[in-house]
Every structure is written in structure tokens, then in C-alpha cells.
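Student: only geometry, no sequence info:
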């Protein structure tokens, strides 16, 4: 199996196979989607409400990170990023939260040194909201830097 970012591997075993040079290898794989509230919802009501808030949080985080991405990136540079990374997932995409978190993290790694230094962890984390929160932190720092520097300040 290649790429275990959306799967967790469980029990592994092998069976002997007649005529095979090596045994057949098996493993249990569990797909997870932390941006899909229905599949991650716990059984009890209070925890289910918290899971719903977390799912709604991912949607809100996508919107905020995307807003800050556009605020920190010129149109020309954004178009270059789209050329390099491809188009962001469409708004109606089933896995938009996850897809957008990966696209925005990749854009952040390409554009900002603070994301480059944490690229391996940022792109490998299994938490959609965790990934978005880390990108949001970098973009907020970029905004603060932009408006606190003499070049970025606006005249009153």
C-alpha cells in the first residue's frame, strides 16, 4: 500500500501460496476522514455535538485560511501557484475540507519560509483542522508583518 495518510494499518499477516515464490501479504486498513463529521461522529449525543462543531470548524478554517491566502498573495503569484499546484478543489467537492487543507498547505510551503521549515509535518499530519490551524498561524504572522513594517503601513 502506498500512502498511509488517509489510512491506518492494523493487523498484518501472510499466507503461503502454492506456486508463489513469496507468501501473500495482507493487512487491515482503516480509512479515516476527519473532515467528514458523519463518519467520525461518536455514539453519545454530547460528543456528537462536539464532533459537529469540529467539522463546522474545518469549514470555517478553510474560509479563513483562503481569505488570508488571498490577502497575502498577489493575483499574479496566486496564478503561478495555481499553475504549479493545479486548481484548488471545487466548492461542491465531497472532500473539500481535506483537499483545500492540502492545497493551502502546499501553497503555504511554496510561498512562505515558515511553512517550508515544517513542510514534512505539515503535509503528513492526519488532522485536517490541525493542518489548517498551522497554515492559519503562518498567514496571520505574514499579515502582521505586512502591516507592521514601514513599507506595509498605510498613511493616515
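Tutor: Structure received. Note that the structure is a prediction, hence the values are computed from the model and not measured. Residues are numbered from 1 along each chain as shown.
Student: quick one, strands of the chain?
Tutor: Taking DSSP state E to define them, one finds strands in the chain at 7-15, 24-31.
Student: Please enumerate the helices of the chain.
Tutor: 37-40, 45-72, 75-85, 96-111, 113-116, 119-124, 128-148 (DSSP state H).
Student: can you tell me which of those comes nearest to residue 25?
Tutor: Residue 25 lies closest, by Cβ to Cβ, to one member of the helices of the chain: helix 119-124, at 23.8 Å. For glycine as for every other residue, the C-beta is placed from the backbone atoms N, C-alpha and C.
Student: Show me what the closest one is packed against.
Tutor: With contacts taken as 3 or more Cβ pairs under 8 Å, 6 or more residues apart in numbering; DSSP states H and E, helix 119-124 sits against helix 96-111, helix 128-148.
Student: Which stretch among those approaches residue 15 most closely?
Tutor: helix 96-111 (34.1 Å).
Student: Name the residues of that closest one that are buried.
Tutor: Using 16 or more other Cβ atoms under 10 Å as the test for burial, helix 96-111 gives 96-109, 111.
Student: Distance to residue 77 and mean pLDDT added to the helices and strands packed on helix 119-124, as JSON lines?
Tutor: Converted to JSON lines, these look like this (distance: least, Cβ to Cβ, whole Å; pLDDT from 0 to 100):
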{"stretch": "helix 96-111", "distance to residue 77": "7", "mean pLDDT": "88"}
{"stretch": "helix 128-148", "distance to residue 77": "13", "mean pLDDT": "89"}
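Student: CSV for those, including distance to residue 26?
Tutor: Output for the helices and strands packed on helix 119-124, formatted as CSV (distance: least, Cβ to Cβ, whole Å):
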stretch, distance to residue 26
helix 96-111, 27
helix 128-148, 29
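Student: Among the helices of the chain, show me which one is buried the most.
Tutor: helix 96-111 (a mean of 22; mean count of other Cβ atoms under 10 Å).
Student: what packs against that one?
Tutor: helix 45-72, helix 75-85, helix 113-116, helix 119-124, helix 128-148.
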